[in-house]
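> Got a sequence here, can you model it:
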Amino acid sequence: MMYRIMVVDDESHVTDWISHLLEDAYGPELDLYRLNDATQALRQLLTGIYDIAVLDISMPEVTGIDILDALEKQKIETQ
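Residues are numbered from 1 along each chain as shown. Here you go, the predicted model:
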């Protein structure tokens, strides 16, 4: 089964590190997206289909909690 995962953090070295951990563990089972802009991530999560979002809680302007709230309001089932 293929999982579509978005990793979001305002620091690129963190998104790179988490992405490498996931790729090493699950490799070809992942369709992995890395974003360093929370606003862009929110737009993509609201318009695309993602199974899992790994979010930094503390980002400037839009936080991971803000993204979760927006997904919940729109009834988007991304975990």
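
> tell me which strands and helices the helix ranked longest in the chain is in contact with?
Scanning the chain for the longest helix, with DSSP state H as the assignment, gives helix 12-26. The helices and strands touching helix 12-26, judged by 3 or more CB pairs under 8 Å, 6 or more residues apart in numbering; DSSP states H and E, are strand 3-8, strand 30-35. Heads up, the C-betas are built off the backbone N, CA and C, glycines and all.

> Can you tell me which of those strands is most buried?
strand 3-8 (a mean of 20; mean count of other CB atoms under 10 Å).

> Show the average pLDDT along the longest helix of the chain.
Averaging pLDDT along helix 12-26 gives 96.

> what angle separates that helix from strand 3-8?
Interaxial angle, helix 12-26 versus strand 3-8 (axes from the mean of the first three to the mean of the last three CA atoms, to 10 degrees): 160 degrees.

> now the angle from helix 12-26 to strand 30-35?
Using the same axes, to 10 degrees, helix 12-26 lies at 180 degrees relative to strand 30-35.

> what's the spacing between helix 12-26 and its chain's center?
Helix 12-26 sits 12 Å away from the centroid of its parent chain (CA atoms, centre = their mean, to the nearest Å).

> for stretch 37-46, same thing?
8 Å.

> contacts for it?
6, 8, 10, 33, 35, 50, 53, 55-56, 59-64, 66-67, 70-71, 74, 76, 78 (CB atoms under 8 Å, 6 or more residues apart in numbering).

> Return the subset of these lying in strands.
Among the contacts of stretch 37-46, DSSP state E puts Met6, Val8, Tyr33, Leu35, Ala53, Leu55 in strands.

> The third one is in contact with Val7, isn't it?
Yes - counting by CB atoms under 8 Å, a contact exists between Tyr33 and Val7, whose distance comes to 7.0 Å.

> anything in contact with each of those two?
By CB under 8 Å, 6+ apart, no residue touches both Tyr33 and Val7.
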